[in-house]
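Student: What would the 3D arrangement of this be:
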Amino acid sequence: MATELKMPALSPTMEEGTLAKWLVKEGDEVSSGDILAEIETDKATMEFEAVDEGTVLKILVEEGTDNVKVGTVIAMIGEEGEKADAPAKAAPAAKEAKKPEPAPPAKGGGETPAPKADPAPPAPKKDGERVKASPLARRLAEAQGIDLTGITGSGPGGRIVRADLGKGAGGAAAAPTKTASAPTPQAASVDPGDIPHSVEKLSNMRKTIARRLTESKQQVPHIYLTVDIQLDKLLKLRSEMNAGLEARGIKLSVNDMLIKALGVALMEVPECNVSFGDGELIKYERADISVAVSIPNGLITPIVAGANDKALSKISTEMGDLAARAKEGKLQPHEYQGGTASLSNMGMFGIKQFEAVINPPQGMIMAIGAGEKRPYVIDDSLQIATVMSATGSFDHRAIDGADGARLMQAFKRLVENPLGMVA
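Tutor: Numbering: from 1, shown residues only. Got it, this is the predicted structure:
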């Protein structure tokens with residue numbers, strides 16, 4: 001009997017993806033573990049492996065197709081010569097079955113008052129507090145007047161996610177409102193006129209970056225704190241350590257040492273190693289540092305887990321591997337989703353100072369500028385030193401300015417006296 005190959009959920013938050021490329025064609029024999037296709041999620045392009053062996057009987061979704069929902073049948077696999085017509089028809093049937101879902105609430109509302117009474121406002125506050133929902137879903141529901149108690153969640157453990165809001169009693173009205181508030185006006189306002197131009201289709205990653213950063217700036221009150229940091233001692237220690245690590249093929253970068261410094265600083269000032277949730281403050285007991293890495297399609301943040309406890313040589317080796325696989329689109333979801341704080345270094349581009357946008361639900365991000373020779377007061381005398389500017393962006397709902405300032409002080413002290421973070 002033919003087996004259905006369905007669009008997989010390649011991350012806990014994935015709801016749809018782009019079938020970027022088929023690596024097999026109809027009639028090809030495949031074995032368990034063979035790579036069948038490349039699927040573009042909101043963060044990376046990932047490989048889809050075959051679980052069973054057999055022959056590719058029919059490809060139902062062409063490569064380059066966008067917005068393919070998780071669970072959609074994309075191909076059929078079975079024994080050579082086996083018919084795949086019946087299963088192929090099952091895919092559209094599933095879509096048709098999905099359409100009536102929004103219809104019954106409208107019909108029920110016209111014929112019987114009971115369906116309206118269930119999700120209506122009698123007990124939104126009490127039920128809302130007990131409903132499992134993601135922070136984003138809660139915020140959108142509150143803004144759009146959607147009652148979460150009447151919605152069945154499709155996320156892990158029945159959790160309500162953003163995609164479920166369209167199924168709720170106000171979801172039909174809510175979806176156009178959100179679309180109109182961000183992407184639609186932007187697209188409508190672009191008129192190149194007679195200027196020679198080309199139009200490039202947005203990747204799923206670019207769409208996600210645009211959405212998440214817009215939400216961050218709109219919903220997270222940012223506070224920015226900047227310090228100047230002398231780098232001479234850190235550069236000297238790095239040179240000495242690299243001489244000792246040369247036989248092992250390890251070469252520390254300044255960024256590796258800054259990752260360690262931020263991890264240790266977050267442990268010294270735990271008030272900054274937090275996330276702001278729905279009516280709660282999440283306090284983390286280790287520092288997982290998300291490090292911004294530029295890749296051809298945008299930006300991704302692989303995570304150095306437990307950076308506060310790791311040796312610099314381990315951070316360097318791990319970061320090199322993560323960055324290389326990030327640029328190849330080979331990272332696994334757990335390697336870039338999560339993190340307790342972020343670090344973004346644009347010093348290699350000669351950028352002196354910048355303010356980075358927080359990556360929710362994290363509470364802070366450290367922006368690193370270029371190290372450069374500057375006049376600097378050392379022991380009450382004006383000298384020339386290598387100095388860089390570092391700017392912390394903090395979620396002011398979760399982190400007070402004084403606590404943010406303490407973190408910046410700790411980070412500055414550790415970088416200027418680097419033996420304190422390697423001891």
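Student: what sits against Gly33?
Tutor: Glu49, Ala50 (CB atoms under 8 Å, 6 or more residues apart in numbering). Quick note: C-beta positions are derived from backbone N, CA and C, even for glycine.
Student: where does it land in three-state SS?
Tutor: In three-state terms, and counting by DSSP: H, G, I helix; E, B strand; the rest coil, Gly33 is coil.
Student: so who does the closest residue to Ile303 other than its chain neighbours touch?
Tutor: The spatial neighbour of Ile303 that comes closest, neighbours along the chain excluded (CB to CB, 6 or more residues apart in numbering), is Gly339 at 4.7 Å. Counting by CB under 8 Å, 6+ apart, Gly339 touches Asp288, Ile289, Ser290, Thr301, Ile303, Asn359, Gln362.
Student: give me that answer again for 7 Å
Tutor: Neighbour list for Gly339: Asp288, Ile289, Ser290, Thr301, Ile303, Gln362 [criterion: CB atoms under 7 Å, 6 or more residues apart in numbering].
Student: shouldn't Ala141 be in contact with Thr149?
Tutor: No. With contacts counted by CB atoms under 7 Å, Ala141 stays clear of Thr149, the gap being 10.2 Å.
Student: of those two, who's got more company?
Tutor: Each of Ala141 and Thr149 has its neighbours counted (other CB atoms under 10 Å); Ala141 has more, 25 against 18.
Student: tell me the secondary structure for the more buried one?
Tutor: On the basis of three-state DSSP, Ala141 is classed as helix.
Student: State the distance from Pro221 to Pro360.
Tutor: Distance of Pro221 to Pro360, computed by CB to CB, to the nearest Å: 12 Å.
Student: And Met388, by the same measure?
Tutor: On the measure of CB to CB, Met388 and Pro360 end up 27 Å apart.
Student: May I ask which helix or strand encompasses Leu5?
Tutor: For Leu5, the element it lies in under DSSP states H and E is strand 3-6.
Student: got the contact list for that strand?
Tutor: Contacts of strand 3-6 (CB under 7 Å, 6+ apart): Asp52, Gly54, Gly71, Thr72, Val73, Ile74, Ala75, Met76, Ile77, Gly78, Pro87.
Student: quick one: contacts for the nearest residue to the fourth one once chain neighbours are set aside?
Tutor: In space, Thr72 comes closest to Met7 once its chain neighbours are excluded; the distance is 4.7 Å by CB to CB, 6+ apart. By CB under 7 Å, 6+ apart, the residues touching Met7 are Gly17, Val68, Lys69, Val70, Gly71, Thr72, Ile74.
Student: just curious, which of those residues is nearest to Ser216?
Tutor: Gly17 (22.9 Å; CB to CB).
Student: and the closest one, that's in a strand?
Tutor: Yes. Secondary structure of Gly17 (three-state DSSP): part of a strand.
Student: Show me what it bridges to in the sheet.
Tutor: Bridge pairing for Gly17 (DSSP bridges) gives the partners Val68.
Student: Go ahead and confirm it touches Glu38.
Tutor: No. Gly17 lies out of contact with Glu38 (CB under 7 Å); the separation is 10.2 Å.
Student: so which helix or strand takes in the closest residue to Val264 other than its chain neighbours?
Tutor: Excluding its sequence neighbours, the residue lying closest to Val264 (CB to CB, 6+ apart) is Met421, at 4.7 Å. Element membership for Met421 (DSSP H and E) is helix 419-422.
Student: how far away is Gly78 from Pro196?
Tutor: 51 Å.
Student: ah, wrong one, I meant Ala141
Tutor: 45 Å.
Student: Compare neighbour counts for Gly17 and Glu38 and give me the winner.
Tutor: When neighbours are counted by other CB under 10 Å, Gly17 and Glu38 differ, and Gly17 comes out ahead with 26 against 17.
Student: Could you check the pLDDT of the more buried one?
Tutor: Here, the pLDDT recorded for Gly17 equals 84.
Student: Can you name the residues that contact it?
Tutor: Met7, Ile39, Glu40, Thr41, Val68, Asn204.
Student: What separation do you get for Asp256 and Lys6?
Tutor: 41 Å.
Student: Just want to know which of the two has more residues nearby.
Tutor: Asp256 (26 against 15).
Student: I'd assumed Ser313 was in contact with that one.
Tutor: No. Contact status for Asp256 versus Ser313: not in contact, 8.8 Å apart, counting by CB under 7 Å.
Student: Tell me how the chain divides into domains.
Tutor: Following the assignment in automatic domain parsing, the chain carries domains at 3-98, 118-179, 220-422.
Student: Out of the ones you listed, which is closest to Glu200?
Tutor: The nearest among the domains of the chain, by CB to CB, is domain 220-422 at 11.0 Å.
Student: Give the rounded mean pLDDT of that closest one.
Tutor: 95.
Student: start to end distance for that domain?
Tutor: 34 Å (CA to CA, to the nearest Å).
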